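Asks: Sequence first, predicted model second:
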Amino acid sequence: MSRVVRVGDDPAAAAAEAARTIRAGGVVVYPTETLYGIGADACDAAAVRKVAAAKRRPEGKPILVVVGSPDGVVPLVTHIPAAAREFMQAFWPGPLTIVFAAAPGLPAELTAGTGTVGVRVPSGTFCPPFLAACGVAVTSTSANLAGEPPPRTLEAIRAALGPGVDLFVDAGTLPLSLPSTVVSVAGPVPRVLREGAIPVDRLRAVIPSITIG
């Protein structure tokens, strides 16, 4: 049966319980600084499959992940290009997802055959202690059914995802927010794949040569 913990009651306890659930192979809905995300251990293929099943996510679509610090990127990628380091320094922690060439051995459910993995270090009050307690990369796809808009309330998320989630972390109604901006550094020139919370002009202030699309 799904459980619910409230951040407001005891944030440290909520983060610890969510991390225990992740380490046990479970699925957690948790608040980020943009949207509620649905998380599992990103390197546990069975756990990632649970996330996809809960969202009714079609095959062939990769899943973004979050880590607690820039060092957490290292095991997930083949290398960190200079452009990525500049973006990491300028925008992490924060709502910028960077797509890297993926390290060998990551679950196929995570990369979906793309050979890449999208990673970010989130800000906010819940994610940093939660990820520190997890000690692993955690999936961070939005907590909604595939093709539906991301709900801002936990009640709507529970109604949509139901028993496919082991633990819901309730931080109340999240403010309206754009999703993270997504930038790929997997090719020769950085590319904006999705403009979100960080506008393109701020990215261009760091890397003028960045392209769109």
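Replies: Sure thing, it's come through.
Asks: Who are the contact partners of residue 101?
Replies: Neighbour list for residue 101: 77-79, 115-116, 186 [criterion: C-beta atoms under 8 Å, 6 or more residues apart in numbering]. C-beta here means a position set from N, CA and C on the backbone, and glycine is covered the same way.
Asks: Make sure residue 85 is indeed in a helix.
Replies: Yes. Residue state for residue 85 (DSSP: H, G, I helix; E, B strand; the rest coil) corresponds to a helix.
Asks: Count the neighbours of it for me.
Replies: Residue 85: 13 surrounding residues under other C-beta atoms under 10 Å.
Asks: Over to residue 93?
Replies: Residue 93: 19 neighbours (other C-beta under 10 Å).
Asks: nearest residue to it other than its sequence neighbours?
Replies: The shortest distance from residue 93 to any non-neighbouring residue, by C-beta to C-beta, 6 or more residues apart in numbering, is to residue 123 (4.0 Å).
Asks: returning to what we had before: okay, the contacts of residue 101 in a markdown table with secondary structure and distance to residue 197 next?
Replies: Listed next are those as a markdown table, based on DSSP: H, G, I helix; E, B strand; the rest coil; distance: C-beta to C-beta, whole Å:
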| residue | secondary structure | distance to residue 197 |
| --- | --- | --- |
| 77 | strand | 22 |
| 78 | coil | 27 |
| 79 | coil | 26 |
| 115 | coil | 26 |
| 116 | strand | 21 |
| 186 | coil | 21 |
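Asks: Can I get the buried ones among those as something I can paste into PyMOL?
Replies: Buried residues among the contacts of residue 101 (16 or more other C-beta atoms under 10 Å), as a PyMOL selection:
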select buried, resi 77+116+186
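Asks: Can I get the contacts of residue 101 in a markdown table including distance to residue 201?
Replies: Formatted as a markdown table, the contacts of residue 101 follow (distance: C-beta to C-beta, whole Å):
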| residue | distance to residue 201 |
| --- | --- |
| 77 | 27 |
| 78 | 30 |
| 79 | 28 |
| 115 | 30 |
| 116 | 25 |
| 186 | 23 |
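Asks: For the helix or strand where residue 203 lies, give the mean pLDDT please.
Replies: Taking DSSP states H and E as the criterion, residue 203 maps to helix 200-206. Taken as a whole, helix 200-206 has a mean pLDDT of 97.
Asks: so who does the residue positioned nearest the centre of the chain touch?
Replies: The chain has residue 140 as the residue nearest its centroid, 2.4 Å off, counting by C-alpha atoms, centre = their mean. Counting by C-beta under 8 Å, 6+ apart, residue 140 makes contact with 32, 37, 39, 63-66, 120, 122.
Asks: Just send these back as CSV, with secondary structure, neighbour count and pLDDT too.
Replies: Output for those, formatted as CSV (DSSP: H, G, I helix; E, B strand; the rest coil; neighbours: other C-beta atoms under 10 Å; pLDDT from 0 to 100):
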residue, secondary structure, neighbour count, pLDDT
32, coil, 25, 94
37, strand, 24, 95
39, strand, 33, 97
63, coil, 23, 94
64, coil, 21, 95
65, strand, 28, 97
66, strand, 26, 98
120, strand, 26, 97
122, coil, 27, 97
